[in-house]
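**Student:** need coordinates for the below:
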Amino acid sequence: MYILKFILLWLLPPGCIVLLLTALTAYLFNRRARGRQALALITLVLYLLSLMPVAQLLTSGLERQYTQPVHINADAIAVLGGGAVSGVPDVNGEGAITAVGMNRLITGARLQRMLNVPIIVSGGKVFADSAVEAEVSKRVLISLGLDEKMIYTDAEALNTKQNAQNIIAACRNEGWQRVAVVTSALHLPRAMQNFEAAAAATGVEPVPYPCDYLVSGEVYISAFSFAPQAYALDLTAMALKEYLALLYGKFL
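**Tutor:** Okay, here's the model as predicted:
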């Protein structure tokens, strides 16, 4: 079974692409053709970015910046949107939360039951085929048994910066001084950068609460570690996006 899985990784993208590029690179070197060094570098970079150990190192560098508190004290809970799809059935309505968004939402719902404080769900209609995430999230929370009066929605935010600005403004209006910021551990460093900027001089304290972890805390090396994987490339891309956004927020 494991041998078949290993072979399949090389037959599917990005494994097959790495093999094709490697063969083309070898052909160009045999012909001493121009551009062979550049193609070799591109092939190597694609191969490395598709490996799980590389993806794990990049991802864990973000996910371990904040730890989930054992005990938390907050006046409100803010759940940042992770995406919603429109035009699909969802138990008791239409429109569904994506897997990332649902992981965040379930964590927020569990915290709300634990602390019995208001919960804010933030997320608007980002793309033409997206649902208004805050509205779908509210319906899901009500179906899970949360009191509708305890659910606040921000259906206007289209990105993390707007999440932070709208939630901090809501906290000021309601007199909430501490708000638990619930989002994916990978996304939390950027979220906190935006929340701390939005909360400056407002008296509102954002409290980080990571969830939706994507990688183990330890890197395990096996034969599969050296085979390109689409999931690893996806993780790498998400991590690099977060690092670039952090740099952008810090210097620009």
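**Student:** what's the end-to-end length of stretch 127-135?
**Tutor:** Stretch 127-135 has its terminal residues 15 Å apart, counting by CA to CA, to the nearest Å.
**Student:** same check on stretch 75-94?
**Tutor:** The stretch stretch 75-94 measures 31 Å between its terminal residues, going by CA to CA.
**Student:** what mean pLDDT does stretch 182-194 have?
**Tutor:** Across stretch 182-194, pLDDT averages out at 98.
**Student:** give me the residues contacting it.
**Tutor:** 59, 62-66, 77-80, 82, 100, 103-104, 107-108, 111, 160-161, 163-165, 181, 206, 208-214, 238-239, 242, 245-246, 249-250 (CB atoms under 8 Å, 6 or more residues apart in numbering). (C-beta placed from N, C-alpha, C; glycine too.)
**Student:** any of the residues you listed buried? List them.
**Tutor:** Neighbour-count burial (16 or more other CB atoms under 10 Å) applied to these gives 59, 62-63, 66, 77-80, 82, 100, 103-104, 107-108, 111, 160-161, 163-165, 181, 206, 208-214, 238-239, 242, 245.
**Student:** now do Val219, the pLDDT please.
**Tutor:** So Val219 comes in at 80 (pLDDT).
**Student:** quick check: it touching Leu51?
**Tutor:** No. Using CB atoms under 8 Å, Val219 makes no contact with Leu51, being 10.6 Å away.
**Student:** which of these two has more neighbours?
**Tutor:** Leu51 (19 against 14; other CB atoms under 10 Å).
**Student:** for the record, mean pLDDT for the host helix or strand of Leu141?
**Tutor:** Leu141 belongs to helix 133-143 when elements are defined using DSSP states H and E. Regarding helix 133-143, the rounded mean pLDDT is 98.
**Student:** buried ones in that helix?
**Tutor:** For helix 133-143, by 16+ other CB under 10 Å, it's Glu133, Ala134, Glu135, Val136, Ser137, Lys138, Arg139, Val140, Leu141.
**Student:** tell me the one among the residues you listed nearest to Val88.
**Tutor:** Val136 (10.3 Å; CB to CB).
**Student:** ok, now which ones touch that closest one?
**Tutor:** Ala84, Asp90, Gly93, Gly95, Ala96, Ile97.
**Student:** among those residues, who's most crowded?
**Tutor:** Counting by other CB under 10 Å, top hit in the contacts of Val136: Ala84 with 28 neighbours.
**Student:** for that one, name its beta-bridge partners.
**Tutor:** Going by DSSP bridges, Ala84 is paired in beta bridges with Ile97.
**Student:** roughly how far apart are it and Ser216?
**Tutor:** According to CB to CB, to the nearest Å, Ala84 and Ser216 sit 28 Å apart.
**Student:** next one: Ile3
**Tutor:** Here the criterion is CB to CB. By it, Ile3 lies 23 Å from Ser216.
**Student:** let me see the ranges of the strands in the stretch 101-250 of the chain.
**Tutor:** Secondary structure of the stretch 101-250 of the chain (DSSP state E, counting those that start in this stretch): strands at 119-122, 151-154, 178-184, 205-211.
**Student:** tell me which of those sits nearest to Leu24.
**Tutor:** strand 178-184 (37.3 Å).
**Student:** in that closest one, what's buried?
**Tutor:** Across strand 178-184, burial judged by 16+ other CB under 10 Å covers Val179, Ala180, Val181, Val182, Thr183, Ser184.
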